[in-house]
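>>> coords please:
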Amino acid sequence: QVQLVESGGGLVQAGDSVRLSCVASGHTLTRNAMGWFRQSPGKEREFVAGVGWDDVATSYADSVRGRFIVSRDSGKNTVYLQMNSLTPEDTGVYYCAARSSYYDFVSYAAAHYDYWGRGTQVAVSS
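This next block holds a predicted model:
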């Protein structure tokens, strides 16, 4: 039973930085692609960033590229999302997700991920 638990969210001001963490338990996910998604009120869940099974390939949504950095610490079974230069448009609930098959690439589609955390709220004030 894979469990993903996110942490690190909170209320911040525009221009601040926040680092989110996602700890996996129940199964080692070092060979699985991991993704971060977010959902704002009234909007669909959208892809933010992801890291491939090799810990080298990363993908970003256009809206966060150059500001956010996704990384993984395989020894800790943890994935991080470093968020810099935050804007109010970055407000939302951030979810960590994992693909169940080994050696899959990062996908922008939420339907391709099999395991999800409960999310952590990030609110950015102007």
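>>> Ends of stretch 103-123, what's the gap?
34 Å (Cα to Cα, to the nearest Å).
>>> Show the pLDDT at the residue nearest the centre of the chain.
Nearest residue to the geometric centre of the chain (Cα atoms, centre = their mean): Trp36, 2.2 Å. Trp36 carries a pLDDT value of 98.
>>> And Phe68, its phi and psi?
When read as degrees, to the nearest 10, the backbone of Phe68 gives phi -110, psi 150.
>>> wait, isn't it in contact with Leu86?
No - using Cβ atoms under 8 Å, Phe68 is not in contact with Leu86; the gap is 9.4 Å. Using the backbone N, CA and C atoms, a C-beta is placed for each residue, glycine as well.
>>> Identify the contacts common to these two.
Here Phe68 and Leu86 have no joint contacts, going by Cβ atoms under 8 Å, 6 or more residues apart in numbering.
>>> Let me see the contact set for Thr78.
Taking Cβ under 8 Å, 6+ apart, one finds Ser21, Cys22, Val23, Ala24, Arg72 in contact with Thr78.
>>> mind redoing it with 6 Å?
The contact partners of Thr78, taken as Cβ atoms under 6 Å, 6 or more residues apart in numbering, are Ser21, Val23.
>>> okay, and for the protein, where does confidence drop off?
For the chain, no stretch has pLDDT under 70.
>>> which residues touch the residue nearest to the centre of the chain?
So, once contact is read as Cβ under 6 Å, 6+ apart, Trp36 ends up touching Val48, Ala49, Leu81.
>>> Likewise for Gly52?
Ala33, Phe105, Val106.
>>> Against Gly42, how distant is Ala111?
For Ala111, the distance to Gly42 equals 20 Å [Cβ to Cβ, to the nearest Å].
>>> and what of Asp73?
34 Å.
>>> Ok, Gly117 next?
Taken as Cβ to Cβ, the span from Gly117 to Gly42 is 22 Å.
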